[in-house]
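# here is my input, please return the structure:
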Amino acid sequence: MVHCTKCGADNPDDAEFCNKCGSEMHAIGERKHRKRKEDECFGLPHGGAIFGLFIGLIIILWGIFEAFDIDIPLWGFIVILFGILVVAGAIYGLTRKH
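Reported below is the predicted structural model:
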């Protein structure tokens, strides 16, 4: 018997869909691989958290520039940070074992 990860119902080993809730049944390896892809942003694992750090860093820099009356355009830093994320995602994608 295979348990549905969504509702917990018992299903036959060869079931493609849950008998109770109808969600698609996957082998454990397939679920982990799909979830890992869903958690990526910019091609990086935990990309959502990385993107949150990116936004937070922009807000902190903006606050520092305003607090100390620094007249440096923030857009340059935004472009640099975005570029770093894209390059890091590309490098990670090239080095990741499939």
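# mind giving me the packing neighbours of the host helix or strand of Val86?
Taking DSSP states H and E as the criterion, Val86 maps to helix 74-95. Using 3 or more CB pairs under 8 Å, 6 or more residues apart in numbering; DSSP states H and E, the elements in contact with helix 74-95 are helix 47-67. Heads up, the C-betas are built off the backbone N, CA and C, glycines and all.
# what helices or strands is the helix it packs on leaning on?
Looks like helix 47-67 contacts helix 74-95 (3+ CB pairs under 8 Å, 6+ apart).
# what's the angle between the helix it packs on and helix 47-67?
160 degrees (axes from the mean of the first three to the mean of the last three CA atoms, to 10 degrees).
# how distant is helix 74-95 from the center of its chain?
15 Å (CA atoms, centre = their mean, to the nearest Å).
# mind starting the numbering at 11 from now?
Okay, using 11 as the starting number, the last item reads as helix 84-105.
# then that helix to PDB, C-alphas only?
What follows is helix 84-105 as a C-alpha-only set of coordinates in PDB (Å, rounded to 0.1, in the frame of the first residue of the first chain):
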ATOM      1  CA  LEU A  84      20.600  52.900  -6.000                       C
ATOM      2  CA  TRP A  85      19.800  51.400  -9.400                       C
ATOM      3  CA  GLY A  86      23.500  50.500 -10.000                       C
ATOM      4  CA  PHE A  87      23.500  48.300  -6.900                       C
ATOM      5  CA  ILE A  88      20.200  46.700  -7.900                       C
ATOM      6  CA  VAL A  89      21.500  45.800 -11.300                       C
ATOM      7  CA  ILE A  90      24.800  44.400  -9.800                       C
ATOM      8  CA  LEU A  91      22.900  42.300  -7.200                       C
ATOM      9  CA  PHE A  92      20.500  41.000  -9.800                       C
ATOM     10  CA  GLY A  93      23.400  40.100 -12.100                       C
ATOM     11  CA  ILE A  94      25.100  38.300  -9.200                       C
ATOM     12  CA  LEU A  95      22.000  36.200  -8.700                       C
ATOM     13  CA  VAL A  96      21.700  35.300 -12.300                       C
ATOM     14  CA  VAL A  97      25.400  34.300 -12.600                       C
ATOM     15  CA  ALA A  98      25.200  32.300  -9.400                       C
ATOM     16  CA  GLY A  99      22.100  30.500 -10.700                       C
ATOM     17  CA  ALA A 100      23.900  29.700 -14.000                       C
ATOM     18  CA  ILE A 101      27.000  28.400 -12.300                       C
ATOM     19  CA  TYR A 102      24.900  26.300  -9.900                       C
ATOM     20  CA  GLY A 103      22.900  24.900 -12.900                       C
ATOM     21  CA  LEU A 104      26.100  23.900 -14.700                       C
ATOM     22  CA  THR A 105      27.600  22.200 -11.700                       C
END
